[in-house]
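Colleague: What follows is a predicted protein model with its sequence.
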Amino acid sequence: MPPRDPLAGEREAALFALGVVTILNFLNYIDRFILAAVLPRVKSELVLTDFQLGLLANVFLVTYFVTSPLFGALGDRLSRPRLMSAGVTAWSMATAAAGFTADFVQLLIARAWVGIGEAAYATISPALLSDYFPRSQRGRAFAVFYVAIPVGSAAGFLLGGTLERAFGWRAAFYAVGLPGIVLALLALRVPDPVRGATEEPSSLGRGRRDSQRADAPGEGFSTRTLSDLFRNKAYVGTVLGYAAYTFALGGLAFFMPTYFERVRGLELARADFIVGGVTVLAGLSGTFLGGYLGDWMAARVQSGQLWLSGLSSIAAVIPAWLALTVASSPTYIVWFFLAEFLLFLSTGPVNVMIVSVVPPAARARSMAVSIFTIHLFGDAISPPIIGWLADTHGLARAVLIVPVAIAISGFVWTATARIPN
């Protein structure tokens, strides 16, 4: 029997890891968006205001970004598969528990624990993938991983709408939460690669010098670690643009089914179907195309991944505005699809940019700081702001803040892409 090719084994391990973390990311976004799908029913049964509905999204994101630095530091020191498995278990149990809640405070606590569990997973999984795939293949690998965002989000909307209509809104939380406890075992089967294993020699050498200065594994977060990140102009600009992008996308995703029901006069199940269908089609095509275009542009233009993100966001401004202002159907659905397609083009490239402009030993921490920042200034505040504006001025006007945030993200990214690395 001929000896087994070690490179083939490494390739199989990389593909297995990619498959597992993508499945778990798919579940992640189902659990995240199941609440948005049943929001009007939760509002009526628990007698909540739009501002309180926004706080349900806010508390999830606050615990998510507040605990991300902790898990980022742990992810650069401890077993990443074990940390991911613990996170999946925690968020799945909390999602199922949401179905048992009897008032606003109980539901708030359940959603807070979902945020903690997802923080343990989301800070670590991109860094893990970066150590499996070299820079030349990273955009495509991230495209597969991040395609779980639109597909999982769409599944959350569709499952939520279907289960709510058949069994009530509480059943939706039971159905999507409990399977995650079993799937968490998959994460334990993923090997933990050597940090920086796939870096090219020149890049790896630079990463080692930087690591010895401020980012050595096991050091955790320190003033030097944060100082190095804040002095990295490419990193800072990418994350700030990402915050504006997340503000827009988070607010849009959370309130869109409610917007279609209240402003467009659709039934909730129909609204969930439209949001889910558009999200999965635009997300699949946009995320996959963005991954390939990002790698293609990065090979030809400095900061090609970021140029793609910035230009696609600028192009999405007008379609987003028209989707929220044009009254005729199905015209507003077409504009909604085009806006989401353009926004999803940047899903993989912007995250590739974040992990590629920092040393390998600091990747989990760079993702943690990114998560903290984009949610603190992004979707942690956009749902309450939109909810407050809806209570005072109506939901139709409140959502118009979304295209403004999209424009800011595009201009920040294109300005950052001009900075020499």
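Modeller: Great, that's in hand.

Colleague: Going by residue numbers, what spans are helices in the stretch 1-150 of the chain?
Modeller: Assigned by DSSP state H, counting those that start in this stretch, the helices in the stretch 1-150 of the chain fall at 6-37, 39-46, 50-75, 80-98, 104-122, 125-130, 135-146, 148-167.

Colleague: Give the other helices and strands that the second one contacts.
Modeller: Put plainly, it is helix 39-46. For helix 39-46, the elements it packs on are helix 50-75, helix 104-122, helix 169-187, helix 233-262, judged by 3 or more Cβ pairs under 8 Å, 6 or more residues apart in numbering; DSSP states H and E. Glycine gets a C-beta too; all of them are placed from N, C-alpha and C.

Colleague: tilt between the last one and helix 50-75?
Modeller: Pointing back at helix 233-262 there. 150 degrees (axes from the mean of the first three to the mean of the last three Cα atoms, to 10 degrees).

Colleague: and the angle for helix 233-262 with helix 6-37?
Modeller: 40 degrees.

Colleague: how near is the nearest residue to Y235 once chain neighbours are set aside to S130?
Modeller: Counting by Cβ to Cβ, 6 or more residues apart in numbering, V357 is the residue found nearest to Y235 once chain neighbours are left out, at 5.1 Å. With distances taken as Cβ to Cβ, to the nearest Å, V357 is found 12 Å from S130.

Colleague: Looking at these two, which is more packed in?
Modeller: Just comparing V357 and S130: by other Cβ atoms under 10 Å the higher neighbour count belongs to S130, 29 against 20.

Colleague: There's contact between that one and V355 in this structure, I believe.
Modeller: Yes - S130 is within contact range of V355, at 4.8 Å (criterion: Cβ atoms under 8 Å).

Colleague: And V182, how far from A102?
Modeller: 27 Å.

Colleague: The nearest residue to L266 once chain neighbours are set aside: what's it in contact with?
Modeller: Distance criterion Cβ to Cβ, 6+ apart; nearest residue to L266, sequence neighbours excluded, is F260 at 4.7 Å. By Cβ atoms under 8 Å, 6 or more residues apart in numbering, the contact set of F260 is 266, 270-271, 274-275.

Colleague: for the stretch 101-250 of the chain, which spans come out with low pLDDT?
Modeller: Residue ranges of the stretch 101-250 of the chain with pLDDT under 70: 196-223, 225.

Colleague: at 90 what do you get?
Modeller: 118-162, 165-166, 176-232, 249-250 (pLDDT under 90).
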